[in-house]
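*Asks:* Need a 3D model of the sequence below.
(chains A, B, C, D, E and F, ligands or ions: 6)
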Amino acid sequence: MKLINFKLVTIICEPVLSSSILTISQDLGATGFTVTEVRGQGNGEKSSGEIPDLKSKIEIVLEPQLALKIMNALAEQFFKNYSLITYSSDISILRPEKFERV
Amino acid sequence: MKLINFKLVTIICEPVLSSSILTISQDLGATGFTVTEVRGQGNGEKSSGEIPDLKSKIEIVLEPQLALKIMNALAEQFFKNYSLITYSSDISILRPEKFERV
Amino acid sequence: MKLINFKLVTIICEPVLSSSILTISQDLGATGFTVTEVRGQGNGEKSSGEIPDLKSKIEIVLEPQLALKIMNALAEQFFKNYSLITYSSDISILRPEKFERV
Amino acid sequence: MTAFEILRTNLLSPIVLAFLLGIVTKLVKSELSLPKDLYSSLSIYLLLAIGLKGGVELSESTFQVIAWPAFVTIVLGCVTPISAYFIMRKLGRFGKIDAAALAAHYGSVSAVTFIAANQFVEQMGKTAEGFMPTLLTLLESPGIHIALAIGAFKRAKSNSLISSDDKKTKSAIFHEVLTGRSMILLVGGLVIGLLMGAKAYEPIKPVFETGFKGALVLFLLEMGIVAGARLSDLKKVGLPLISLGILLPILHGALGVFLGHWSGLSVGGATVLGAMAASASYIAAPPAVRMTLPEANPTYYLTASLAVTFPFNLVVGIPLFFKFAEWLAG
Amino acid sequence: MTAFEILRTNLLSPIVLAFLLGIVTKLVKSELSLPKDLYSSLSIYLLLAIGLKGGVELSESTFQVIAWPAFVTIVLGCVTPISAYFIMRKLGRFGKIDAAALAAHYGSVSAVTFIAANQFVEQMGKTAEGFMPTLLTLLESPGIHIALAIGAFKRAKSNSLISSDDKKTKSAIFHEVLTGRSMILLVGGLVIGLLMGAKAYEPIKPVFETGFKGALVLFLLEMGIVAGARLSDLKKVGLPLISLGILLPILHGALGVFLGHWSGLSVGGATVLGAMAASASYIAAPPAVRMTLPEANPTYYLTASLAVTFPFNLVVGIPLFFKFAEWLAG
Amino acid sequence: MTAFEILRTNLLSPIVLAFLLGIVTKLVKSELSLPKDLYSSLSIYLLLAIGLKGGVELSESTFQVIAWPAFVTIVLGCVTPISAYFIMRKLGRFGKIDAAALAAHYGSVSAVTFIAANQFVEQMGKTAEGFMPTLLTLLESPGIHIALAIGAFKRAKSNSLISSDDKKTKSAIFHEVLTGRSMILLVGGLVIGLLMGAKAYEPIKPVFETGFKGALVLFLLEMGIVAGARLSDLKKVGLPLISLGILLPILHGALGVFLGHWSGLSVGGATVLGAMAASASYIAAPPAVRMTLPEANPTYYLTASLAVTFPFNLVVGIPLFFKFAEWLAG
Ligand SMILES: Nc1ncnc2c1ncn2[C@@H]1O[C@H](COP(=O)(O)O)[C@@H](O)[C@H]1O
Ligand SMILES: Nc1ncnc2c1ncn2[C@@H]1O[C@H](COP(=O)(O)O)[C@@H](O)[C@H]1O
Ligand SMILES: Nc1ncnc2c1ncn2[C@@H]1O[C@H](COP(=O)(O)O)[C@@H](O)[C@H]1O
Ligand code: NA
Ligand code: NA
Ligand code: NA
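*Replies:* Ligands and ions are numbered 1, 2, ... in the order given. Have a look, this model is predicted:
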């Protein structure tokens, strides 16, 4: 099969945000997600929860033009008040049709 | 030390596939693997297991020419009947000899 | 917001090393870290611990010029006697000021 | 007790209520679920506890008493996957591979159903034979292998070849089922129980026996949550599979009770054997089926096992088999 | 017993000592902590156990006996978030949003404080009424919603608009609090207990009742570790919040004891109701507040709940409320 | 009882059988293993339980009775790392760093071996002194520090310098060992037990004492799996280390029993002290060694501790030390 250029958007956030972030990314066109439970620290002060280091890492495979759109949506809604970071990277996938909404 | 261009192949799959995938990647020349327990959803219908969201994320550091080979082998064997995605990305490593089979 | 080119340095190591690695990366200027518990095997012989496959995956978002510096520091201190690998990859972030030390 | 009173007592038992609470938890879309490690820990504990107690009691049984029940159990292990296959093919109109996949589940056994049946007959004052766990280990694997063989054979006939790859998988599956969590813990527990005997069992009884029923409540709460998560799939699988997920346990259960009675088991023992035959595996069978018959739709077999047959047996089936066993016993 | 003896007995009880050990663990910078899954498992177990026992005992209570205590509990649920808000605003000089966030915590209840109070009065020979867990479920959610409503209203007044987004969040939060872990397990346990009755409870009692106090020791060890991790934040939050984190439980606790006594509760029951009113939620409230009032500083409410009010109640508050209840009872 | 009967009773005890089942699990390549969190939870529970009970019983001991046993325990803590170092150097022909690493393990103590020895002597009707857990805490850390100091010194002599980095590591290790999981739980448990006394212990006894032996069975099952996973390394480490992994516990065990007897301990107490001296740490020592002596090969010390010495002590060593203690006692 042929490799196609795609984007992987990663978000690391307070667990309380996960479900909102997944909803937003789905609304904007993502076809799936992968969540990992991680432990993290940054320079943010807003961290919350009984276990302060506990974070969720969300990874989303996306068509390139969607990546910045989702990142900006999250930045606008959450950067001010919540503890999270987001970044994107280039990946090569097979089966691009699998990541397109029908 | 000097940085060398390498590939990182990632596979996210039903847990039941992990051991087969590790065997295949080893047979094709990978020298190691890293597995993370994750939770995920896609648009596949074939997902299985008592806990349907539970997935395994397998990461393999590889010489560039092996990456596509392994991805294609997995695509051929598993894409039709199983729930999984795979992608590759560019990384820079130290010690390339560590990732070569003797 | 605008995307800025940054680096993501990943380290996969014996759990016993994590805290030293985090200290080193902080000393060299990293502003945070994300740690995932993983299971892994390589061709190293030095692996230790009651559960030999248990590894820590450390991810650090960094200004590009810091990446190689941290990787080299780890290589020098730990490659000889410990079980670990490290690699870097290109990512695009928002808010570069978040990842700069004040 | 009338049939109604028996049903009522069963429905108001802590484990059935805990299971229902688990289902309600999902229905109201609560995020509550037991931590994964607690769920596995409880299942390890329950299996080992059954094994240990079974082993201790086995050390007091004679070969004569066990021989016939063991024989009919093996008969059930050979017959039920075949009957399940044909019923799924003919009545359910499922494809060959899906029917074989379902047969692997119905031909094997659910340990929790076994436990629930034991608790039920005990509550009814008809405690089952102490060697029942031994029968449980006999019934676990044959059905899976027979059904998978049917599936492989049917597929080979259409493809007119058996790949060598297939053979490798098959022996891997054989190994996996035989060394699976439940086999190791049940057989291991039986052997330990047998070797150590009742006296050495005494000091560990508080954990493995006194604590058993409470632990079961927690486990069934999570089983309810897991089953509840599958309820939305009921629409996908359709009425035929739902009906067969009730019919099949009735048939297999009746056969199990009958053979149990015939082989000399007490009312309690025959009920438990019936529940075993009626139950569908959802731990050992699914991964084995997934690897061997990947074309089979997992939604079918998981929904049927977890969201239809298990609740049916727990709430209605077990009391039913009990009534039948009582009737047979005259 | 003199006040001093009571304090001493409380301080030397296993759960208080375990909590202190947890704090010491953090003070000496040990890496010890309970596995996350054990912590959740214990909290699930404790909540379900309270529910089950409460349900069984509820089946033996009459409506008359419960009506007034239930009524004053709801009154407490409506009054304490408001009093907490104003005290935080006026005495603490906190901003509107932070005050509302704190009020959501102090208007709700900490289940562990409830349990500790029950254990304490039992140890004092004044076991509380069996229906106290029912009151616990009544007190959990109203306070959160009232405080969040205050916060949303105050914010809207400054912003002069309520976004539709806000409404969506609010109904999601409402759902989340009502179907949260503690509500499901407490209410679910109550219903199961009520339905199954004392006889069916008997076989699961070894796990849910005999094991309760030991499990609590492990849980409080981890609570101590969690609270200890927050101790370093005490400097950040400053003396005003620390003082209010002690004053507020005294006020609310006294009110709770008084209303409890007035509604006909025994000395034990009034003490427990006081402890409930005095306690600050740290499980249900924080995520709800984080989503609804994101501008509020989590360090304030988490440190106040976990590192000030909880330890205060555990060590000093509960014995104090008990003394007050005894004094009221004459 | 004859030596043979004693060995047999030990071999057929639930914990030894559970350990063997764990090894078999690995030998048949089963994927069964206890969830990681269950394993840590059990180890936390077991350590705290030992501490609590030890503390309660300590509150009934006098200083006189403990003084000499405590003294000989500290002597063992200083002598065994040195004897282990020289035996590994001379008989085993290991390098300086590897010998020091092994010495850190054999100079410290395995809590599970301690527990197993206590269970064994109790089963033999010779329950050990109640203050044995106090001795356990004394023996845990000195050996590690002495052995690591030997290693650092030997290395420095070859490198002719001690880096300042080394000093930083050393104080970090010192802190880590002293505040490690086992020290916190054992010492913390002892202090809690001592403070609360027997009466307050009563309500938590069902969990911490009645449940102890059952929990131990589960723990040893996993220990067997962990040890079984190391069996394949036996070939790598070679016959010399395997032999020394048996010789060393015999020597240290005999010394421990002898000193125990001499210091006034009962047959049970002397046996347990012998088992402690004979045992090799596999929780506190490995990470400390890994950080301080990274050149040492972990396969050596982990295989020797887990796959040789622990099974040897569990199956053969403890009964042997018991026989020796009986013989000394005349
Ligand atoms: N420089 C960094 N490198 C890696 N992960 C980071 C970094 N900064 C922040 N994070 C992750 O993002 C989470 C939220 O960051 P913060 O908002 O700074 O608390 C942290 O808990 C980390 O998991
Ligand atoms: N668009 C996506 N972004 C991130 N992860 C995905 C995506 N699609 C699928 N996955 C992951 O791959 C797994 C298998 O996908 P599927 O075959 O669609 O069930 C899912 O459970 C997710 O963990
Ligand atoms: N080729 C590889 N691909 C992915 N992960 C690897 C690879 N080699 C090593 N690792 C990871 O790095 C850890 C340490 O490697 P090693 O030093 O070879 O034991 C392993 O446990 C794996 O988690
Ligand atoms: Na069956
Ligand atoms: Na309150
Ligand atoms: Na030792």
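*Asks:* When you work out contacts or count neighbours from here on, use the C-alpha atoms and nothing else.
*Replies:* Fine.
*Asks:* the bottom helix or strand of chain D by mean pLDDT?
*Replies:* Ranked by mean pLDDT, DSSP states H and E, the weakest helix or strand in chain D is helix D:164-178, scoring a mean of 75.
*Asks:* What helix or strand is the closest residue to ligand 6 within chain A located in?
*Replies:* Nearest to ligand 6, among the residues of chain A, is residue A:39, at 35.7 Å (Cα to the ion). Assigned by DSSP states H and E, residue A:39 belongs to strand A:33-41.
*Asks:* Which SSE is immediately downstream of that strand?
*Replies:* Next element after strand A:33-41 (DSSP H and E): strand A:54-62.
*Asks:* Read off the pLDDT value for the residue in the stretch 201-330 of chain D positioned nearest to chain F.
*Replies:* Proximity of the stretch 201-330 of chain D to chain F (Cα to the nearest Cα) peaks at residue D:204, 4.4 Å away. Per-residue confidence (pLDDT) for residue D:204: 96.
*Asks:* Please report how far residue D:191 lies from ligand 2.
*Replies:* 40 Å (Cα to the nearest ligand atom, to the nearest Å).
*Asks:* give the contact list for that residue.
*Replies:* Residues in contact with residue D:191, defined by Cα atoms under 8 Å, 6 or more residues apart in numbering or on different chains, are D:51, D:52, D:55.
*Asks:* Go ahead and build a ChimeraX selection from the buried members of these.
*Replies:* Per 16 or more other Cα atoms under 10 Å in any protein chain shown, the buried members of the contacts of residue D:191 correspond to this ChimeraX selection:
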select /D:51,52,55
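*Asks:* Strands of chain D, start to end?
*Replies:* Taking DSSP state E as the criterion, chain D contains no strands.
*Asks:* Where does pLDDT dip in it?
*Replies:* Residues of chain D that meet the criterion pLDDT under 70 lie in D:159-168.
*Asks:* Any residues of it in contact with chain E? List them.
*Replies:* With Cα under 8 Å from any Cα of the partner chain as the criterion, chain D meets chain E at residues D:12-14, D:17-18, D:21, D:25, D:28-32, D:34-38, D:210-211, D:213-215, D:217-218.
*Asks:* and the gap between the closest residue to residue D:329 other than its chain neighbours and residue D:328?
*Replies:* Nearest-residue entry for residue D:329: residue D:267, 6.7 Å, with adjacent residues in sequence omitted and distances by Cα to Cα, 6 or more residues apart in numbering or on different chains. Look at residue D:267 and residue D:328: by Cα to Cα, to the nearest Å, they are 8 Å apart.
*Asks:* now residue D:303
*Replies:* 32 Å.
*Asks:* One more: residue A:40?
*Replies:* Distance, residue A:40 to residue D:328, by Cα to Cα: 64 Å.
*Asks:* ok so, going back, in this model residue D:322 seems to touch the residue nearest to residue D:329, though I could be wrong.
*Replies:* Yes: under the criterion of Cα atoms under 8 Å, residue D:267 is in contact with residue D:322, at a separation of 7.1 Å.
*Asks:* So for residue A:40 and residue D:328, which residue has more residues nearby?
*Replies:* Neighbours were tallied for residue A:40 and for residue D:328 using other Cα atoms under 10 Å in any protein chain shown; the higher tally belongs to residue A:40 (22 against 14).
*Asks:* Please name the residues that touch residue D:48.
*Replies:* Taking Cα under 8 Å, 6+ apart, one finds D:185, D:186, D:188, D:189 in contact with residue D:48.
*Asks:* Now with 10 Å, please.
*Replies:* D:42, D:54, D:181-190, D:192-193, D:208, F:218 (Cα atoms under 10 Å, 6 or more residues apart in numbering or on different chains).
*Asks:* Nearest residue to residue D:251 in space, please, no chain neighbours.
*Replies:* Residue D:251 sits nearest to residue D:278 (Cα to Cα, 6+ apart), 7.4 Å away.
*Asks:* residue contacts, the one you found?
*Replies:* Residue D:278 neighbours (Cα under 10 Å, 6+ apart): D:80, D:106-110, D:113-114, D:245-257, D:272, D:309-310, D:312-313, D:317-318, D:321.
*Asks:* could you redo the last one with a cut-off of 8 Å?
*Replies:* Applying Cα under 8 Å, 6+ apart, the residues near residue D:278 are D:106, D:109, D:248, D:249, D:250, D:251, D:252, D:253, D:256, D:313.
*Asks:* For ligand 6, state which of those residues is nearest.
*Replies:* Closest approach to ligand 6 among the contacts of residue D:278 (Cα to the ion): residue D:109, at 47.2 Å.
*Asks:* Could you report the neighbour count for whichever residue of chain A sits closest to chain D?
*Replies:* Of chain A, the residue with the smallest distance to chain D, taken as Cα to the nearest Cα, is residue A:19 at 11.2 Å. Applying other Cα under 10 Å, we find 10 residues neighbouring residue A:19.
*Asks:* Give me the three-state assignment for it.
*Replies:* Secondary structure for residue A:19, judged by DSSP: H, G, I helix; E, B strand; the rest coil, is helix.
*Asks:* That concludes my questions; thank you for your assistance.
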